[in-house]
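J.: what shape does this take:
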Amino acid sequence: MKLIYRIVSSSVLGLGCIAAVAPSLAAGTYPDRPIRLIVTSAPGSGLDLVARAISPDLGRVLKQSVVVENKAGAAGIPGTRDIVTSKADGYTLGLVSSNHAINPSAHASLPYDTVRDITPITIIGSVPVVLTVPKNSPFHTVGDLLKAAKARPGAINFGSSGPGSALDIAGLMLEKKANIKLMHIPYRGGNALTTDLMSGQVQTAFLAISTAEAQIKAGTIRALAVSTAERVPSLPNVPTLTESGVEGYQYVPWIGLIGPAGLPAAVVKRLQAEVHHVIGLKKVEQQFAIQGFNPSGTSSAEFLNTLQSEIASTQELMGNPALARNDGQAATDARAHKQAPR
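T.: From the prediction side, this is the model:
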């Protein structure tokens with residue numbers, strides 16, 4: 001998978017140049033009324049926090065209100081459908097996550113085409129994930145976990161925030177690259193998963209660093225490895241999965257800004273310039289740092305390349321979307337449901 005974490009530093013260094021061209025792009029009439037920003041997840045989610053962090057200053061530089069509207073549920077599909085069916089004039093935009101690239105493989109059908117029906121504007125940034133275990137787990141290293149999983153295929157359980165979620169994909173990738181089998185225990189969301197991980201009902205799980213960092217530092221869960229190509233500054237003593245013996249492992253979920261297909265090029269350029277400017281502001285960077293979010297700021301072409309690459313690699317990883325994994329049944333939590341090894 002092409003990932004965003006590696007490009008953060010180079011993208012951020014270029015923000016000054018991008019911001020410098022913004023005034024010339026502002027010569028047109030866009031925007032001349034408020035902009036609707038659809039967030040394809042619930043209030044308080046990582047996606048929502050990014051929207052709330054950027055919308056005030058984005059509205060300020062665009063000289064129009066940016067109104068955040070949450071449309072959650074079904075892995076972001078309803079919200080994305082609203083985005084892609086809106087008029088392509090730049091007044092309805094949306095924030096999507098890595099789920100946008102996962103959904104074609106996780107669902108037998110979608111009410112839109114993931115690539116053709118959108119205009120990719122920019123990837124705003126990414127949130128690394130970390131492989132974790134309960135504080136009393138016998139697994140102190142990734143090597144310990146892999147050894148046990150290979151000795152007893154399917155005996156070690158792995159929790160995720162739901163089938164086809166980014167945390168599920170992180171686990172699937174670990175299974176493939178380490179040649180192991182885990183018992184998948186899907187949850188309705190990340191909060192219940194984290195609670196059961198801390199209590200030991202779940203043996204291992206990937207968590208977003210923004211979710212896990214405080215618990216790791218408090219000692220209520222233990223970090224085995226991060227998903228990035230390089231170590232994460234906030235967890236300098238936690239190795240990468242590649243360092244831990246899982247060769248080639250790298251997966252970093254992202255958040256991107258899109259519009260409906262056919263968005264005018266001048267509008268795309270204006271939005272890119274202003275978003276890149278805003279995510280380079282110190283106060284926004286500070287909010288992102290609290291969330292464990294790494295700003296990047298890509299071009300449309302880079303966003304499209306990442307999207308297409310991740311769609312292909314996720315399809316290879318998950319296989320046919322009409323899998324035996326029943327989404328309705330699997331959406332229950334571990335206390336009510338046990339799922340066979342996948």
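J.: mind listing the strands for the stretch 101-250 of the chain?
T.: Assigned by DSSP state E, counting those that start in this stretch, the stretch 101-250 of the chain shows strands spanning 118-126, 129-134, 157-160, 183-186, 204-208, 221-226.
J.: and of those, who's closest to S309?
T.: strand 118-126 (12.3 Å; CB to CB). The way it works is simple: take the backbone N, C-alpha and C, and place the C-beta from them, glycine included.
J.: then the closest one to PDB, C-alphas only?
T.: The C-alpha trace of strand 118-126 is given here as PDB (Å, rounded to 0.1, in the frame of the first residue of the first chain):
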ATOM      1  CA  ILE A 118     -15.200  11.900  -6.800                       C
ATOM      2  CA  THR A 119     -12.700  14.700  -7.200                       C
ATOM      3  CA  PRO A 120      -9.800  13.900  -4.900                       C
ATOM      4  CA  ILE A 121      -8.600  17.300  -3.600                       C
ATOM      5  CA  THR A 122      -5.900  16.500  -1.000                       C
ATOM      6  CA  ILE A 123      -5.000  14.000   1.700                       C
ATOM      7  CA  ILE A 124      -4.900  16.200   4.800                       C
ATOM      8  CA  GLY A 125      -2.900  13.700   6.900                       C
ATOM      9  CA  SER A 126      -2.700  10.400   8.600                       C
END
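J.: which residues touch the one residue sitting closest to the centre of the chain?
T.: Nearest residue to the geometric centre of the chain (CA atoms, centre = their mean): P253, 3.2 Å. P253 makes contact with 97-98, 126-127, 129, 166, 208 under the criterion CB atoms under 8 Å, 6 or more residues apart in numbering.
J.: and it, backbone torsions?
T.: Main-chain torsions, P253, degrees, to the nearest 10: phi -60, psi 150.
J.: which of the contacts of P253 lies closest to P153?
T.: Nearest to P153 among the contacts of P253: V129, at 23.5 Å, using CB to CB.
J.: tell me if I'm right that the closest one and I169 touch.
T.: No. The criterion here is CB atoms under 8 Å, and V129 misses it with I169 at 9.6 Å.
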